[in-house]
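In: coordinates for the following, if possible.
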Amino acid sequence: MSKRKRDLSEEESSLWKRVTERVKPRRAPPKISENKEASPKPARPVAPVASPALERPAPLSRASTAPPADRGGEKRVRRGKLDVAASLDLHGHTQESARAALIRFLQSAQRRGDRTVIVITGVGRAGGGVLRQRLPEWLGDRELRGVTSGFAQAHRSHGGAGAYYVFLKNRAE
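Out: So this is what the prediction gives:
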């Protein structure tokens with residue numbers, strides 16, 4: 001078997017030429033100047049756009065601490081020792097509506113006597129979804145501190161990085 005590559009036929013060459021004519025080149029990476037004395041051109045200042053939907057989530061406050069991550073609980077669910085009673089999908093929610101839906105869902109699940117639920121946040125663009133980042137903070141808020149005992153990232157079969165197991169405390173009678 002020869003390792004020499006074959007030449008393209010005339011038909012293949014013309015087809016390849018037509019394809020490459022339609023392709024836009026990738027943006028070239030910025031060139032690093034060898035001359036250290038030359039100063040780079042100042043970038044045109046861009047006014048920041050203030051939009052509540054685009055703001056970064058507030059950092060975790062010290063007063064609200066999330067319940068502990070529970071790796072053992074995740075293993076028990078994966079092995080079938082714990083049943084997942086219900087799930088909540090937060091796709092399409094804003095931060096405010098997702099938080100409100102999460103509180104209602106977890107409180108009603110605890111009243112029903114559920115012990116483990118799945119909350120689906122989605123992965124988000126480039127793995128940095130806002131709801132995914134905010135969920136641990138929300139689980140540590142005053143409204144949910146008495147409801148949750150822990151949480152863990154879900155197994156791949158249950159949604160992986162875009163979902164969490166939330167472990168609920170026994171309901172207070």
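In: every contact and neighbour count from this point should use C-alpha atoms.
Out: Fine.
In: what secondary structure does residue 11 sit in?
Out: Secondary structure of residue 11, reduced to three states by DSSP: H, G, I helix; E, B strand; the rest coil: helix.
In: can you give me the neighbour number for it?
Out: The number of residues packed around residue 11, counting by other CA atoms under 10 Å, is 9.
In: ok, it to residue 90 distance?
Out: Plainly put, residue 11 is 52 Å away from residue 90 if you go by CA to CA, to the nearest Å.
In: biggest helix in this protein by residues?
Out: Secondary structure of the chain read by DSSP state H shows that its longest helix is helix 95-112.
In: which residues does the closest residue to residue 129 other than its chain neighbours contact?
Out: Nearest in space to residue 129, with sequence neighbours left out and distances taken as CA to CA, 6 or more residues apart in numbering, is residue 123 at 5.5 Å. The neighbourhood of residue 123, defined by CA atoms under 8 Å, 6 or more residues apart in numbering, consists of 129, 132, 161-163.
In: neighbour-wise, which of the residues you listed leads?
Out: The residue in those with the most neighbours, by other CA under 10 Å, is residue 163 (24 neighbours).
In: show me where this structure dips below the pLDDT cut-off.
Out: Of all residues in the chain, those with pLDDT under 70 make up the ranges 1-3, 25-26, 28-75, 78-82, 126-127, 171-173.
In: repeat that for 80
Out: Within the chain, the segments meeting pLDDT under 80 span 1-5, 23-85, 124-128, 155-161, 171-173.
In: and whatever helix or strand comes next after the longest helix of the chain, what does it pack onto?
Out: Tracing the chain past helix 95-112, the next element assigned as helix or strand by DSSP states H and E is strand 116-120. In terms of contact count using 3 or more CA pairs under 8 Å, 6 or more residues apart in numbering; DSSP states H and E, strand 116-120 is assigned the packing partners strand 86-89, strand 163-168.
In: dump these into CSV; add distance to residue 142 as well.
Out: As requested, those are exported to CSV (distance: least, CA to CA, whole Å):
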stretch, distance to residue 142
strand 86-89, 20
strand 163-168, 15
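In: coming back round to it: quick one: the residue nearest to residue 129 from residue 140, how far?
Out: Relative to residue 140, and taking CA to CA, residue 123 is found at 21 Å.
In: what does residue 8 give?
Out: According to CA to CA, residue 8 stands 64 Å off from residue 140.
In: with neighbour numbers in mind, choose between these two.
Out: Here residue 8 and residue 140 are compared on neighbour count by other CA under 10 Å; more neighbours surround residue 140, at 23 against 10.
In: backbone dihedrals for the more buried one, please?
Out: With angles defined as degrees, to the nearest 10, residue 140 shows backbone torsions of phi -90, psi 0.
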